[in-house]
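Engineer: mind looking at a prediction? Sequence and model below.
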Amino acid sequence: MCAQLTAEDEGKDVVNSDGEKIGVVQTIQAGTAHVHPDPGLTDEVKSTLGWGDADEDTYALDGHQIEAITDTEIQVQR
């Protein structure tokens with residue numbers, strides 16, 4: 001399944017499968033969310049999502065990595 005991201009998803013919290021906040025959607029561009037990571041985000045979570053070091057302050061999150069989208073948050077797959 002591939003979630004469809006829209007501009008309405010900007011500003012939503014991004015949470016892992018345990019409900020822990022890992023970041024906030026800054027922008028949506030071409031169906032990809034650009035997520036500003038939570039300052040306490042561990043390297044293990046970043047590695048799980050394939051978010052190595054980024055050139056800027058955000059990381060890309062595409063629809064294939066998303067489990068669910070609600071009115072207030074986006075849950076990523078484990």
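Structural biologist: Yep, that arrived.

Engineer: pass me the low-pLDDT residue ranges in the chain, would you?
Structural biologist: For the chain, applying pLDDT under 70 flags the ranges 1, 39-56.

Engineer: does Gln4 count as helix, strand or coil?
Structural biologist: Three-state call for Gln4 (DSSP: H, G, I helix; E, B strand; the rest coil): coil.

Engineer: surely it is in contact with Gly63?
Structural biologist: Yes. Between Gln4 and Gly63 a contact is recorded at 6.3 Å, counting by C-beta atoms under 8 Å. C-beta coordinates here come from the backbone N, C-alpha and C atoms, glycine included.

Engineer: which of these two has more neighbours?
Structural biologist: Set Gln4 next to Gly63 and count neighbours by other C-beta atoms under 10 Å: Gly63 wins out with 14 against 9.

Engineer: got a list of what the more buried one touches?
Structural biologist: Cys2, Ala3, Gln4, Leu5, Gly31 (C-beta atoms under 8 Å, 6 or more residues apart in numbering).

Engineer: among the residues you listed, which ones are buried?
Structural biologist: Among the contacts of Gly63, those classed as buried by neighbour count (16 or more other C-beta atoms under 10 Å) are Ala3, Leu5.

Engineer: make CSV out of the contacts of Gly63 and add distance to Asp13.
Structural biologist: Listed next are the contacts of Gly63 as CSV, based on distance: C-beta to C-beta, whole Å:
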residue, distance to Asp13
Cys2, 21
Ala3, 15
Gln4, 18
Leu5, 14
Gly31, 19
